[in-house]
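Novice: Return a 3D structure for these sequence lines:
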Amino acid sequence: MNMIDLSPRITPELPVWPGDPAVRLTHPASLARGDAFALTELALSVHTGTHVDAPAHYVPGGAGADALPLSALVGPAWVLDVGDVPLITAQVLAAAALPLQTERLLLRTGNSHRKLMRSAQFHTDFVALSAEAATWLVARGVRLVGIDYYSIAPYDALAPTHEILLRSGVIVVEGLDMTEVKPGPYTFICLPLKLADADGAPARAILLPNLGRNGIILGTS
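Specialist: The predicted structure is shown next:
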């Protein structure tokens with residue numbers, strides 16, 4: 001089966017959001033040093049690499065990562081390539097003619113064209129979703145939205161888009177490497193760590209081929 005891995009490798013060199021702690025990997029025990037076993041210690045922000053935002057990230061009293069429903073994180077999805085637009089607006093989404101019953105939407109943008117998820121530097125000029133577009137997705141009944149850089153919202157306007165989606169129960173997946181992904185229907189599998197009451201969680205995300213017909217995603221739950 002042709003699986004597509006959407007998650008970058010977690011290394012100390014992986015870019016992180018400005019101000020967030022860098023990835024730290026240490027080895028308290030090492031076979032090379034003569035220990036009986038190897039042991040790796042990991043320290044990182046829950047918003048490192050491919051990760052899921054929980055409502056608690058922006059909503060006071062919101063659910064944590066451990067309460068996110070797996071039924072929304074796994075299932076048929078549509079990858080939409082929005083082209084070279086600088087911002088994903090409601091007009092951009094409306095013009096895309098999304099398949100009926102799309103519940104999981106993955107946004108492939110100029111970030112992928114520029115290979116930003118494979119860059120050693122953090123970029124602030126990434127393409128993101130406007131608050132108006134977030135409202136449009138909520139009205140369409142989308143349960144999950146993912147994007148190909150570290151924030152679903154613009155760098156200089158983080159709160160509105162996040163709040164609209166997370167208050168409405170829409171799961172946000174950020175940091176997807178869709179550099180080599182073609183638009184169309186897939187099965188999406190995203191499993192965040194079950195961190196108690198956390199505002200987010202690192203995740204491993206993959207795509208599997210999925211068949212569609214007449215613009216309808218087959219097997220949409």
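Novice: use CA for all of it now, contacts and neighbours both
Specialist: Fine.
Novice: Any idea how far apart the tips of stretch 149-157 sit?
Specialist: Across its full length, stretch 149-157 reaches 15 Å end to end, with C-alpha to C-alpha, to the nearest Å as the criterion.
Novice: likewise stretch 56-72?
Specialist: OK, stretch 56-72 end separation, C-alpha to C-alpha: 17 Å.
Novice: Report the rounded mean pLDDT for it.
Specialist: Average pLDDT, stretch 56-72: 97.
Novice: Quickly find the element holding Thr40.
Specialist: Using DSSP states H and E, Thr40 falls within strand 39-43.
Novice: what does stretch 186-202 rub up against?
Specialist: 46-57, 63-67, 70, 73-79, 203-211 (C-alpha atoms under 8 Å, 6 or more residues apart in numbering).
Novice: Now restrict those residues to buried residues only.
Specialist: Taking 16 or more other C-alpha atoms under 10 Å as the criterion, what is buried in these is 46-57, 63-66, 73-79, 203-208, 210.
Novice: From those residues, which land in helices?
Specialist: Among the buried ones among the contacts of stretch 186-202, DSSP state H puts Leu73 in helices.
Novice: Among the buried ones among the contacts of stretch 186-202, name the ones in strands.
Specialist: When DSSP state E is applied, the buried ones among the contacts of stretch 186-202 are split such that 51-53, 74-79, 203-208 fall in strands.
Novice: Quickly check those for the two that are furthest apart.
Specialist: Pairwise distances across those peak at 22.4 Å for Asp53 and Leu208 (criterion: C-alpha to C-alpha).
Novice: And the pLDDT at Ala97?
Specialist: 89.
Novice: do you know how far it is from Ala157?
Specialist: Noted for Ala97: a distance of 27 Å to Ala157, by C-alpha to C-alpha.
Novice: just Ala43 next, same as before
Specialist: The gap separating Ala43 from Ala157 is 28 Å, by C-alpha to C-alpha.
Novice: try Met117
Specialist: Distance of Met117 to Ala157, computed by C-alpha to C-alpha: 20 Å.
Novice: And these two? Which one has more around it.
Specialist: Using other C-alpha atoms under 10 Å, the more surrounded residue of Met117 and Ala157 is Met117, with 26 against 12.
Novice: ok, for the more buried one, nearest residue in space, not its chain neighbours?
Specialist: Distances taken as C-alpha to C-alpha, 6 or more residues apart in numbering place Asp177 nearest to Met117, at 5.6 Å, with adjacent residues excluded.
Novice: Which of the three states applies to the one you found?
Specialist: Secondary structure state of Asp177, per DSSP: H, G, I helix; E, B strand; the rest coil, is coil.
Novice: helix, strand or coil for the most far-flung residue of the chain relative to its centre?
Specialist: Each residue of the chain has a distance to the centre, and by C-alpha atoms, centre = their mean the biggest one is for Gly34: 39.9 Å. At Gly34, secondary structure determined by three-state DSSP is coil.
Novice: from memory Asp20 sits against Ser45, does it?
Specialist: Yes. Using C-alpha atoms under 8 Å, Asp20 is in contact with Ser45, at 6.6 Å.
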